[in-house]
Every structure is written in C-alpha cells, then in structure tokens.
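Peer 1: Predicted model, plus sequence, below.
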Amino acid sequence: MKAELVTTDAALDELREPWNRLAGGDPLASWEWRTAWRRIMAGDRPLAVAAVRSGERIVGLLPGFVKTHPWMGRTLSLLGSGKTCTDYQRPLLDPELSATERDLALELLLDCLTSRPRGIGRLDQIELDGCDLHDESVQLFVDALARRGFQIHPEPIEGSWVTHLPADWDAFVAGVPRSQRRKINKAVKRCAGGEITYHEATDAESIAAIWPEFVRLHELRFIKKYGGGCFSDPVFEEFLRTAAIALSARQAAKIVWVEHLGRPISSQIYLLSPTTAHMYQSGVDPDYLHLEPGHLLFTEVLRRLIAQGYSKLDFLRGDEAYKGGWNAQAVPLTRLIAVAPRATSRWRYGSRNWARSLKRAAVAAWRARKAQASRSEPTASGEPRETSHELEPVAT
C-alpha cells in the first residue's frame, strides 16, 4: 500500500468512481456532495484529500481541507463540515480489507497528512464534525490517532434520529403512538379525498423546476421570527441545489411535496442510499397548518418508502420533538477533535476552550437579564409578560 495527497480540483475529479465505491451508497459521504461543498462552500482554504492505494485500487480516503485560525492554528476538517451539517463523517475504507489492512491504511492516511506536506504545513488538530463514535471506521481512526499521541476530545452535539421501517405499512402504523396513528389515518383520508396531491422531482430538470417553491416553503418557516432561514445565504442555496442535482443523476436525491388544490403547501428534500432515505430539509406554508401539511407529506413519503423496500428513514441532525412521533430513535453524534502531541497545539486547544467558556457565561448572563426584564415588564392588562425561547434555524 502507498498513500498520496490530493490538493487540486482536477485530481479530485479523477477520484469520483473509487470515492463513491468506498462511500457505499451514502449520499452524505458521496463524491457529489463533498465536491459540491468543496467548490462552493470552502472558499480558498487548501484541499487535503489523503488517498491510499493497494496496487491500482484505492482502498482508503480521508477527504479533508485545512482551515487556519489565529488561535487554533491549522485544523484538518472533512469536506462538508460546518453549517451544511454533514452527518456521519468518517474515513472511507474498503470493506474488503482485513483488520490488519485497515489499520495499515489508516496509518498511511495519517502519515500522508501529518508529515508536513507542502501546501498544508504542520497540523494542530484533526476534526470530525458530526461523527458516530459507534461506527467501526471512526473507532479505528481514533485508535490510530491515539497511538500517535493525539489527545482525543469528544464534544457531544445534537444527534440524528432514525426510524427503522418494517416491511409492511400496516405494521408501521400499528407501532406508532395512538395519537400519531389518528393523525396518520386522518392524513390518509385527506389524501384520498382528491384535494391533496403528492408529487416527486427525481431528475435534474424537475428538481430545478420545483426548486424556487421548495426554497419558498422552507423560508416561510423562519421569515417571521428570524427574517429568513438558511436559504437567505445564497452560497448555501447554490451548494444544496448543485449537490441535489448532481446526486439525482444516480437516483440519490429527490424533492417531494404535497399540494392543496394545486398549491404546494409542504415540501422535503431527501438524500437516498439503497436502504436509507435521509430527510435533509423541509418547508411548510403556515397558512395551511390547519391541514397538518407535515403529517400529510410524511404519511405519503413513508407509505412509498416501505413499499419500495427501504429499511430506514433518517431525520438527520436536530432534536425536534416531532421525530419521536414517527418512532425515530436518537443516534448520538459527536464533534471529535484530536489535538496534535505538541505543547503549542495543546495550548491552542486550551485557549479556545477558555474563550468559549467566557462566551457561554456572557450569553447566559445576557439571557438571564433579558428574561428578568421581560418578566417584570407589565402587559397592557397589568400582568407579567410571558416569555418563550425558540431554537435558531439550522441547516437540517
């Protein structure tokens, strides 16, 4: 085996076939998703993709880029990090490798990245954002880092939620809570009545056609409270549109929606593997909440997923309460930071934690003062004003 470092987009294009083979059908790990992120979201940060070959066959990949911070120094993060919330980040390893070969491949990947290659420099940290610590490739990667003296710092983040689908729709309905069952039965009746119609966009042309309506419905969720959601960032919109259209070419992405009398009222975008449908984003028209458009759409989607033989619906990152109603189980996710075995790198990480602690304390104090002022402020009736706390919108 031997390792090589890819630092140009032209060389990245040549990795498409082996990359997707190693990704095993996972759209979030795919060449299309990660390279769309690289070209649209990464800016001018250096590319650093480590690849391991056994003969002519690529058997391992760590698709990274380098970001530099005045305090943190140089950090290798994986393509797709940040606001795009690319869950289940991990090294990509050939499943046909033996245990010994997997260990060797990981050692070679790390050699490639930590030997101060030209254009990258000496790394202070390696970061996996949104990884599952129970994934075997992540465990092996952590072991390889620890053998090199890296300090491993797992930081819990919001987890993903996964519903395991039975082979039969009636079995699924029987397994959900009674209150959810009533909503599902109501949705089935509404969809059978003719006023509600279900639609899918599964190719580049149809996705491009429905895209403005999908964005509109998503933004309606946040416009009143926040002035807009993630699509108010045109760079993010360009990324997701580009990635979805690229993935649709191999039936790995689609947009679904329901209409009421011809007007779209709820939409979702799915990233598809052979066994799992990942619900990445959704939108709903608040003027139609009395029709429960979210339940209408999920009911129609789930009926089709089960009929098509999918085994999982993955709601991805975010602890929204509605996910549990669809029998979803939490999957803990972690931001894994490995700090290089040097005093300066460890000092940088400690300084970062100290600064974050100060920021959290300042934010907590500000919120406490705001809540106290709100409680003491009289309303028009002379009663204390009630307060509420809303989660800020995130990419998923």
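Peer 2: Nice, thanks for sending it over.

Peer 1: Give me the phi and psi for the closest residue in space to residue 259 that isn't next to it in sequence.
Peer 2: Excluding the flanking residues, the one nearest residue 259 by Cβ to Cβ, 6 or more residues apart in numbering is residue 197, at 5.0 Å. Where you see a C-beta, it was placed from the backbone N, CA and C, and this is true even at glycine. As for residue 197, its main-chain torsions (degrees, to the nearest 10) stand at phi -130, psi 140.

Peer 1: contacting residues for residue 197?
Peer 2: 191, 258-259, 262 (Cβ atoms under 8 Å, 6 or more residues apart in numbering).

Peer 1: Same list, those residues, but as TSV with distance to residue 247 and neighbour count please.
Peer 2: What follows is the contacts of residue 197, written out as TSV (distance: Cβ to Cβ, whole Å; neighbours: other Cβ atoms under 10 Å):
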residue	distance to residue 247	neighbour count
191	27	18
258	22	28
259	24	17
262	28	7
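
Peer 1: just for the chain, where's the confidence low?
Peer 2: Per-residue confidence for the chain (pLDDT under 70) gives these ranges: 116-119, 354-356, 361, 370-371, 373-396.

Peer 1: Would you mind giving the domain segments of it?
Peer 2: In terms of domains, the chain is parsed into 2-159+333-357, 166-310 (source: automatic domain parsing).

Peer 1: Tell me which residues of stretch 269-287 come out buried.
Peer 2: Burial within stretch 269-287, assessed by neighbour count using 16 or more other Cβ atoms under 10 Å, is assigned to 269-273, 276-285.

Peer 1: Hmm, I typed the wrong one, I wanted stretch 164-171.
Peer 2: Taking 16+ other Cβ under 10 Å as the neighbour-count basis, stretch 164-171 is seen to contain the buried residues 165, 169.

Peer 1: for stretch 193-209, same thing?
Peer 2: 196, 198, 200-201, 207.

Peer 1: from these, which is closest to residue 293?
Peer 2: The shortest distance between residue 293 and any of those, using Cβ to Cβ, involves residue 196 and amounts to 8.7 Å.

Peer 1: Now do the same contact list for the closest residue to the closest one other than its chain neighbours.
Peer 2: Leaving aside its sequence neighbours, residue 196 sits nearest to residue 190 (Cβ to Cβ, 6+ apart; 5.1 Å). Taking Cβ under 8 Å, 6+ apart as the definition of contact, the neighbours of residue 190 are 196, 291, 296.

Peer 1: List the contacts of the first one.
Peer 2: Under the criterion of Cβ under 8 Å, 6+ apart, the contact partners of residue 196 comprise 190, 258-260, 291, 296.

Peer 1: and it, bridged to which residues?
Peer 2: Beta-bridge partners recorded for residue 196 (DSSP bridges): residue 260.

Peer 1: Would you mind measuring from it to residue 289?
Peer 2: Residue 196 sits 14 Å away from residue 289, going by Cβ to Cβ, to the nearest Å.

Peer 1: The contacts of residue 196: which two are farthest apart?
Peer 2: Distance extremes for these: the farthest pair is 190 and 259 at 12.0 Å, using Cβ to Cβ.

Peer 1: one step back: counting only helices, which of the contacts of residue 197 make the cut?
Peer 2: residue 191 (DSSP state H).

Peer 1: Now do the same for the residue nearest to residue 133 when sequence neighbours are not counted: helix, strand or coil?
Peer 2: The spatial neighbour of residue 133 that comes closest, neighbours along the chain excluded (Cβ to Cβ, 6+ apart), is residue 334 at 5.4 Å. For residue 334, the secondary-structure state derived from DSSP: H, G, I helix; E, B strand; the rest coil is strand.

Peer 1: chain center to the helix or strand hosting residue 305: distance?
Peer 2: Taking DSSP states H and E as the definition, one finds residue 305 inside helix 293-307. Shown here is helix 293-307, whose average C-alpha point lies 21 Å from the average C-alpha point of the whole chain (Cα atoms, centre = their mean, to the nearest Å).
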